[in-house]
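Asker: Provided below for reference: sequence and predicted model.
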Amino acid sequence: MGSDDYRGYQEKCKEIIAQNIVLLHKFEEYLLRSGISGETISNHLKNMHFYLNDFLLYEDAIPAEDGYGYIGLFFDFLIRKYPGASPSSVKSSIASIRKFYKFMVSQGKINEDEYQDLLFKIKSDKEKWLEAARY
């Protein structure tokens, strides 16, 4: 990647991070209205911050609305890059991603078919991810 390409990537990442801050704030409000505990909300926000601002921006500048399509790569990344990844952290991340993208449907950022594709991928691959996190 040339220096101009890298500068363009950095600028795009800055734009996406600014958008993600707004999205995460709205997501927090959405979760507060659902009546779940503050600790659970905090955990969902932490998980989604990592997904949106670390994973989706790791090699490319991928906005949140396109991120639902990268869940399989995410769990491979999480398990490979973070030795502390466990079945518990995988389950927690799955719950957060599900809730976040359901919120994205409510905001009109993705459609119901895209959300259903995400749920299908989770159902299909969840056991594989959990097994990989055990080792």
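Answerer: Nice, I can see it.

Asker: From here on, just use CA atoms for contacts and neighbour counts.
Answerer: Will do.

Asker: next one: the longest helix along the chain to chain centre, how far?
Answerer: As assigned by DSSP state H, the longest helix anywhere in the chain is helix 3-34. Its chain's C-alpha centre and that of helix 3-34 lie 12 Å apart, by CA atoms, centre = their mean, to the nearest Å.

Asker: list the buried ones in it?
Answerer: Tyr9, Lys12, Cys13, Ile16, Ile17, Asn20, Leu23, Leu24, Phe27, Glu28, Tyr30, Leu31 (16 or more other CA atoms under 10 Å).

Asker: for the spatially closest residue to the third one that is not a sequence neighbour, what are its contacts?
Answerer: Leaving out its chain neighbours, the residue that sits closest to Cys13 by CA to CA, 6 or more residues apart in numbering is Ala61, at 5.5 Å. Residues touching Ala61, when contacts are defined by CA atoms under 8 Å, 6 or more residues apart in numbering, comprise Tyr9, Lys12, Cys13, Ile16.

Asker: The lowest-mean-pLDDT helix or strand in the chain - contacts with which helices or strands?
Answerer: Lowest by mean pLDDT, DSSP states H and E among the helices and strands of the chain is helix 71-81, with a mean of 93. Judged by 3 or more CA pairs under 8 Å, 6 or more residues apart in numbering; DSSP states H and E, helix 71-81 is in contact with helix 112-133.

Asker: For the helix it packs on, buried residues please.
Answerer: Glu114, Tyr115, Leu118, Leu119, Lys121, Ile122, Lys126, Trp129, Leu130, Ala132, Ala133.

Asker: Output the buried residues of helix 3-34 as JSON lines; include the columns distance to Asn53 and pLDDT.
Answerer: Shown next, in JSON lines, are the buried residues of helix 3-34 (distance: CA to CA, whole Å; pLDDT from 0 to 100):
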{"residue": "Tyr9", "distance to Asn53": "13", "pLDDT": "94"}
{"residue": "Lys12", "distance to Asn53": "12", "pLDDT": "96"}
{"residue": "Cys13", "distance to Asn53": "8", "pLDDT": "97"}
{"residue": "Ile16", "distance to Asn53": "8", "pLDDT": "98"}
{"residue": "Ile17", "distance to Asn53": "6", "pLDDT": "98"}
{"residue": "Asn20", "distance to Asn53": "8", "pLDDT": "98"}
{"residue": "Leu23", "distance to Asn53": "12", "pLDDT": "98"}
{"residue": "Leu24", "distance to Asn53": "11", "pLDDT": "98"}
{"residue": "Phe27", "distance to Asn53": "15", "pLDDT": "98"}
{"residue": "Glu28", "distance to Asn53": "16", "pLDDT": "98"}
{"residue": "Tyr30", "distance to Asn53": "20", "pLDDT": "98"}
{"residue": "Leu31", "distance to Asn53": "19", "pLDDT": "98"}
